[in-house]
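Asks: need a 3D model of the sequence below.
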Amino acid sequence: MTRKAVITGLGATTPIGADVPTFWQNALQGVSGARPLEQEWVAEYELPVRFAAQLAEAPGEKLSRVELKRMDPTTQYGVIAAREAWADAGLSEDAVEAERLTVSFGTGIGGVWTLLDGWDTLRNKGPRRVLPMTVPMLMPNGPAAAISLDLGARGGARTPVSACASGTEALDMARRLIENGEADVVISGGTEAAIHPLPIAAFAAMQALSKRNDDPQAASRPYDKDRDGFVLGEGAGALIIESEEHARARGARIYGELAGTAVTSDSFHITAPDDEGLGAARALRQALSVAGAEPTDVVHVNAHATSTPVGDRPEYVAMKSVFGDHVDNIAVSATKSQTGHLLGASGAIESILTVLALHEGKAPLTINLDHQDPEIPLDVVTGTPRALPEGQKVAISNSFGFGGHNSVAVFRSV
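Replies: The predicted model follows:
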């Protein structure tokens, strides 16, 4: 019999909260994490976009000086989130066999700061000044490896790298490991630390970023007629995915069930989504099928909703094709309006919000939606949090990434 995968711990460091309780409360209040960048390199490189959604708390508040020196920021963020999730789950070394404990932690870009700083050092100071830890710091699997070392996971340390779908694809891997009996506990999630001049310049060059330098907090505008791009964010989210049997045997608190996941690809364009949302729709249908849920069971969706002119509509088209008229009954939250777009970490932090929406019975806010695009007639949660129906509920988190990656997670309340 297939085992159920449940969520027993949550951890996060984000632009609107350095821990899950703060993150959740600010998501309900509509707090924006976007603010001007004050680093000298903004003027030095004459960047066209001069703001981003930076972490609410510097990692040095939770990590030692040695840890900061030996970890790229993307690893720092992942370790911080994983430690909080581990503690929140009430886990210890004695609570799970090391060989039955696995890490599945994604990133979209990886150690960009270490890579580019190392290149600058090589050019300006020569090879002898390049740090010996450069390679383990820059490699995309660095966060998963560091979490495995930190928490004693010997069942594997895996790293999905699928752009902005990475965090949700890590959950897909975690669910499969639990349901197939390959692990009892999986530390899953995503992390990203790409607020660096090169990614900002590159995203701006492709017209993906909002250029509202005069009003950063109003820049991320999912579904709004005046949306002009996303706001780059940073941070990490971690979820402890555990077999229900293992969780109940140790008396763990269960937030909800990771009932279904799916991964598909568009095979359409390297950056643009399929106009008809065909790959996204297939991912939604497959994830619901795995969960044993009907489209009419869904009460809430945390949408990918990046605020790009070309990206928001195909997601609606996909949802409409799957949910039909029931789409009008689904409370949709587009929380990147608050957090910015955390790339490979976005699916992880948005899954945390989806899990908490079910657990607490209310959906978080979408801000900056002043004039909704008539081509995207979703029932978007604005103004105040939306109460969700009583009883068992199903909610979805969508993630889509450059390269045509689609990943969907379906959660069920318990």
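Asks: can you tell me the element Gly190 falls in?
Replies: Per DSSP states H and E: Gly190 is located in strand 185-192.
Asks: next secondary structure element downstream of that strand?
Replies: helix 197-205.
Asks: quick one: that following helix to strand 185-192, angle?
Replies: Here helix 197-205 runs at an angle of 70 degrees relative to strand 185-192 (axes from the mean of the first three to the mean of the last three C-alpha atoms, to 10 degrees).
Asks: off-centre distance for the helix or strand just after helix 197-205?
Replies: Counting by DSSP H and E, the next helix or strand C-terminal to helix 197-205 is strand 235-243. Taking C-alpha atoms, centre = their mean, to the nearest Å, one finds the center of strand 235-243 at 10 Å from the center of the full chain.
Asks: ok, strand 235-243: who's next to it in the sheet?
Replies: Note on strand 235-243: by DSSP bridges, its sheet partners are strand 5-13 (antiparallel), strand 185-192 (antiparallel).
Asks: Tyr223 is nearest to which of those?
Replies: Evaluated over these, closeness to Tyr223 peaks at strand 185-192, with 23.3 Å, by C-beta to C-beta. Quick note: C-beta positions are derived from backbone N, CA and C, even for glycine.
Asks: what about the closest one, distance to the chain center?
Replies: The answer for strand 185-192 is 10 Å, by C-alpha atoms, centre = their mean.
Asks: now stretch 45-62
Replies: 17 Å.
Asks: direction-wise, compare the helix or strand containing Asp150 with strand 185-192 and give the angle.
Replies: Per DSSP H and E, Asp150 falls inside helix 142-151. Between helix 142-151 and strand 185-192, the angle comes out at 140 degrees (the same axes, to 10 degrees).
Asks: ok, residues contacting helix 142-151?
Replies: Contact partners of helix 142-151, identified using C-beta atoms under 8 Å, 6 or more residues apart in numbering, comprise 71-72, 74-75, 77-79, 82-83, 86, 101, 103-105, 107, 110-111, 136, 139, 153-154, 157-159, 187, 191, 236.
Asks: so which bits of it are buried?
Replies: Neighbour counts over helix 142-151 (16 or more other C-beta atoms under 10 Å) mark Gly142, Pro143, Ala144, Ala145, Ala146, Ile147, Ser148, Asp150, Leu151 as buried.
Asks: kindly report the same for stretch 263-271.
Replies: Across stretch 263-271, burial judged by 16+ other C-beta under 10 Å covers Val263, Thr264, Ser265, Asp266, Phe268.
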